[in-house]
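# Coordinates for the following, if possible.
(chains A, B and C)
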Amino acid sequence: MVKAPPAPPGSEAELMDRVLHISGRTLGELAAQFSIAVPRDPIHAKGWAGQLLERVLGATAASAPEPDFQDLGVELKTIPVNPHGTPLESTYVCNVPLEPSSRAPNWESSTVRRKLARVLWLPIIVTPQSSLAQRPVGRGMLWSPDPVQAGSLRQDWEELMDQVCLGQLESITSHLGTCLQIRPKAANARARRWGVGAQGERIRTGPRGFYLRSNFTAGILREYYAN
DNA sequence: TGCTGATCATGA
DNA sequence: TCATGATCAGCA
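Just a heads-up that it's a prediction; the model follows:
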C-alpha cells in the first residue's frame, strides 16, 4: 500500500512511536510504501537514506538551517552503523560561519549547540554485502548532550572558532578537536566562500562544515544500547 | 584500515 | 548559489 507523507509529529512521544514502528524495516520496504525509487548506484545515493527517513517520519525543515522537526526542536540524524552498532562515518552538524557577521559570539548561541540540543539518532544497519534497499533501520534514540559531552563540544567549538576568527583557516585540519572537527563541505574543491585571512583581510576560501567524530557518536550509541 | 579531504543529490 | 542530506575513496 502506498502511503502519503505523514503530517509532522505533534510531540516527542508521537515521533518516537513512529520510530518504533519503522524499527527493523528495511530502507527498500519503507521506500516502496511511499513510492520512492531506490537509487542503484551508491555513489549517487549520498544522503538518500536521510531524506527518505525525513519523509517517512514527517520532518518539515527541508533544506532550511532549522531543526528537522521545527515544532519539536528535534534534529534527525540517520547514521550508518555496523551490526554491532558502531558508527561507520562521522556526522555532519552544520556549516562553519566564516564571516564575522555570521558568527555567534559564544557557544551558547552557536548553531552547533542549537543543532545538537535535541537529536533523534536513527541507526541504519550496514553489512558489507547489503545493498541500500536491504539495510534495516535500527532502534532510534532521542538524545541530548550530558554535561560531559556538552563540555567537550564546547571546548572543541571554542578552540576551532578561535582559529577561524584569528584568520588561521588554512591551518585548520580535521585533526583538531576531540569530538568536533572542521572539514571541507562543498560540491567540489573549486567552491569558494568569503572568510578572514591572517591579517584580518577578506579572503576567498573553501566552505567548511562541523562534523562529529565517529568515536564521539559511538559513545552516544553505546551508552544507550547498553541500557 | 581508519581517517581526512573530496564529492554527489536535492530544494529553495 | 548555498543550505540541507551524507558517503566515497585514497593515503598515512
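
# Kindly report the residues of chain A close to DNA strand B.
When proximity is defined as Cβ under 7 Å from any atom of the strand, chain A approaches DNA strand B at A:43-47, A:51, A:62-64, A:90, A:173-175, A:181, A:183-189, A:206, A:213-215. Every C-beta, even on glycine, is put in place using the N, C-alpha and C of the backbone.

# Just the buried residues from these, in PyMOL please.
Typed into PyMOL, the next command selects the buried ones out of these (criterion: 16 or more other Cβ atoms under 10 Å):
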select buried, chain A and resi 90+181+185+206+213+214
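
# Now do stretch A:195-210: distance from first to last residue.
End-to-end distance for stretch A:195-210, by Cα to Cα, to the nearest Å: 16 Å.

# ok, and what's touching it?
With contact meaning Cβ atoms under 8 Å, 6 or more residues apart in numbering, stretch A:195-210 is reached by A:92-96, A:98-100, A:112, A:157, A:160, A:164-170, A:172, A:180-186, A:189, A:191-194.

# For the lengthiest helix in chain A, buried residues please.
Longest helix of chain A, by residue count under DSSP state H: helix A:147-165. Of the residues in helix A:147-165, those buried under the neighbour-count criterion (16+ other Cβ under 10 Å) are A:149, A:152-154, A:156-157, A:160-161, A:164.

# Run the angle between the host helix or strand of A:Glu223 and helix A:147-165 for me.
Of the helices and strands defined by DSSP states H and E, A:Glu223 is found in helix A:214-225. Computed with axes from the mean of the first three to the mean of the last three Cα atoms, to 10 degrees, the direction of helix A:214-225 lies at 160 degrees from that of helix A:147-165.

# name the helices or strands packed onto helix A:214-225?
Under the contact definition 3 or more Cβ pairs under 8 Å, 6 or more residues apart in numbering; DSSP states H and E, helix A:214-225 sits against strand A:75-81, strand A:119-125, strand A:141-143, helix A:147-165.

# Before I go, just wanted to say thanks for your time.
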